[in-house]
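In: Quick one, structure for this:
(one chain, ligands or ions: 1)
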Amino acid sequence: MLMTATRLLDAIMHLLYPAVCISCERLLAENERFICSSCDADLDRFLLPNESTDLMMNTLNENFPSQTAIDDALSHYFFHKGGKFQALAHGIKYDGLSELAVAQGELLGRVVAEERPTATFDAIVPMPLHKLKFIERGYNQAERIAAGISRLLSVPVKSLVERTRYTSSQTGFDLRGRMTNMKDAFVCPTPFSDKRLLLVDDIFTTGSTLCSCARALKQSGAAHITIATLAVASS
Ligand SMILES: [Zn+2]
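Out: Next up is the predicted model:
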């Protein structure tokens, strides 16, 4: 009964406020959310198994040969400039579509489950936003993505790490500058021990921010860290 009422309400809302695809702006069908099936089919997904892992771990090894904080890495899409993922990223980051972030988190959770069927995680940790950025944006997109993964994997989301200071945008820094910019940018307020963590962010670029955050988590007691991002940006 409740289900029928919800469906009916959905149908009425659809008639009153027809949703459009965030990429091509065509009217969405009733069973489509945020993105039409044709644009969705054009998203560049990584091949299973491990295409994303290979790319991310190779990038980390090239950029930060001495890093040992990140043990494993997974991602869903390859992010080309001007490609279909750009509209998704923009919607999540700047248009306030927090439900889109949750929906994409669920899809990323499915990738994690398929790629690592025997892996266990004690907690899903969203990449923290500085308070000022949180106020500016109204929500932390990584936290919404983590909530979506949590729904799928039934692992709790825990904010184990915080930003200590407002770091300027990483854009425009070279690799060395990026690492200096991020140095000591994270702190874990409560110590923990022996935790296997899934550290979540929206986009992996050079890996410097994730690396720095993972290092703080390892120093505070993480035993194993897998990073999961919606996409990997082509550099
Ligand atoms: Zn479309």
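In: what's the average pLDDT for the longest strand along the chain?
Out: Ranked by residue count under DSSP state E, the longest strand found in the chain is strand 222-233. Here strand 222-233 scores 98 as its mean pLDDT.
In: Also stretch 54-67?
Out: On average, stretch 54-67 scores 96.
In: Over to stretch 192-203?
Out: Rounded mean pLDDT across stretch 192-203 is 96.
In: thinking again about what came up before, can you point out the buried residues in the longest strand of the chain?
Out: Burial within strand 222-233, assessed by neighbour count using 16 or more other CB atoms under 10 Å, is assigned to 222, 224-233. Every residue, glycine included, has its C-beta placed from N, CA and C.
In: Same list as before, the residues you listed that is, but in TSV and with distance to the ion included.
Out: As requested, these are exported to TSV (distance: CB to the ion, whole Å):
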residue	distance to the ion
A222	39
H224	39
I225	35
T226	31
I227	29
A228	25
T229	23
L230	18
A231	17
V232	22
A233	21
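In: re the thing from before, and the longest strand of the chain, what does it pack onto?
Out: Packing contacts for strand 222-233, counted by 3 or more CB pairs under 8 Å, 6 or more residues apart in numbering; DSSP states H and E, involve helix 51-63, strand 72-79, helix 84-93, helix 98-115, strand 195-204, helix 208-219.
In: wait, which of these is closest to the ion?
Out: The ion lies closest to helix 84-93 among these, at 8.1 Å (CB to the ion).
In: Next, see if the closest one gets close to the ion.
Out: No: judged by CB under 5 Å from the ion, helix 84-93 stays clear of the ion, getting no closer than 8.1 Å.
In: Show me which parts of that helix are buried, residue by residue.
Out: In helix 84-93, counting by 16+ other CB under 10 Å, buried: 84-85, 87-89, 91-92.
In: Please list the outside residues in contact with that helix.
Out: 22-23, 34-35, 39-40, 42-44, 77-80, 97-98, 100-101, 104, 137, 141, 144-145, 202-203, 230-231 (CB atoms under 8 Å, 6 or more residues apart in numbering).
In: Go again with 7 Å.
Out: Contact partners of helix 84-93, identified using CB atoms under 7 Å, 6 or more residues apart in numbering, comprise 22-23, 34-35, 39, 42-43, 77, 79, 97, 100-101, 104, 141, 202-203, 231.
In: likewise stretch 15-31?
Out: Residues contacting stretch 15-31 (CB under 7 Å, 6+ apart): 11, 14, 34-36, 39, 84, 87-88, 91.
In: how about a cut-off of 10 Å?
Out: 7, 10-11, 13-14, 32-40, 42-43, 83-88, 90-92, 95, 97, 100 (CB atoms under 10 Å, 6 or more residues apart in numbering).
In: Buried ones among those residues?
Out: Buried, going by 16+ other CB under 10 Å: 32, 34-36, 39-40, 43, 83-85, 87-88, 91-92, 97, 100, out of the contacts of stretch 15-31.
In: neighbours of Y17, just the number please.
Out: Residues lying near Y17 (other CB atoms under 10 Å) number 7.
In: Please report the distance of it from L27.
Out: 11 Å (CB to CB, to the nearest Å).
In: Flag every residue of this protein that's near the ion.
Out: So the chain meets the ion at 21, 23-24, 36, 39 (CB under 5 Å from the ion).
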